[in-house]
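Student: what follows is a predicted protein model with its sequence.
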Amino acid sequence: MSRDLDFSEYFAARVQRFRRVAFALCGDWHGAEDLVQAMFVQLYRRWRRVRPDTADAYARRILLNLFLAGRRKSGREYVTPSVPEAESPPGRDTPLRLDVERALAGLTPRQRAMVVLRFLEDLPVTEVAALLGVAEGTVKSQTARGVEALRAALPAPTAEEW
């Protein structure tokens, strides 16, 4: 199979998943699109060296690095004469979903990354620690603090929601 065809199939199979993760990381669909696009560009450049069994982990690492690097850089804001229209994310904008998005936005970028990787991507502590280059104990403590902050920011579920 050619390099381009192989990459095209990988892209088609994974793009929606990575968009969802990117949105959970940055909380903005335009930013998520930019992150995913940059991730796939970097992944394509290295595609010949990427093993099929590690492609997802490699792509996730690129996405995470881009997200964290973007949070450290300044000067990425642009002044415009009017506020652009916000694109609604796919799916229903339920009050709970909007509350979760706002609560996630209140976490630090690294805490948010840990919570997203642990609970949205369902990665084990060891893999999250390896991705972020931190100790497993750091992942556990920061994830616990992040979840605690989310619980404090979110309304308690009613009996009807259970």
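Tutor: All right, it came through fine. Residues are numbered from 1 along each chain as shown.
Student: what's in contact with the top helix by length along the chain?
Tutor: Taking DSSP state H as the criterion, the chain has its longest helix at helix 3-26. Contact partners of helix 3-26, identified using CB atoms under 8 Å, 6 or more residues apart in numbering, comprise 29, 31-33, 35-36, 39-40, 43-44, 47-48, 55-56, 59-60, 63-64, 67, 70, 89, 104, 109, 112-113, 116, 120-121. No exception for glycine: its C-beta is placed from N, CA and C like everyone else's.
Student: tell me where the model's unsure across the chain.
Tutor: 1, 71-97, 157-162 (pLDDT under 70).
Student: domain ranges for it?
Tutor: The record assigns the chain these domain ranges, following automatic domain parsing: 1-74, 91-157.
Student: the strands in the protein, which residues?
Tutor: Taking DSSP state E, the chain contains no strands at all.
Student: and the helices in it?
Tutor: 3-26, 29-45, 55-72, 95-105, 109-115, 125-132, 136-153.
Student: turn those into JSON lines, including mean neighbour count.
Tutor: Below are the helices of the chain laid out as JSON lines (neighbours: other CB atoms under 10 Å):
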{"stretch": "helix 3-26", "mean neighbour count": "16"}
{"stretch": "helix 29-45", "mean neighbour count": "17"}
{"stretch": "helix 55-72", "mean neighbour count": "17"}
{"stretch": "helix 95-105", "mean neighbour count": "14"}
{"stretch": "helix 109-115", "mean neighbour count": "22"}
{"stretch": "helix 125-132", "mean neighbour count": "18"}
{"stretch": "helix 136-153", "mean neighbour count": "16"}
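Student: who's in contact with residue 121?
Tutor: Residues in contact with residue 121 (CB under 8 Å, 6+ apart) are 21, 60.
Student: now do residue 140
Tutor: Counted by CB under 8 Å, 6+ apart, residue 140 has contacts residue 125.
Student: swap in the one 10 residues further on?
Tutor: If you count contacts by CB under 8 Å, 6+ apart, residue 150 has them with 100, 103-104, 107, 115.
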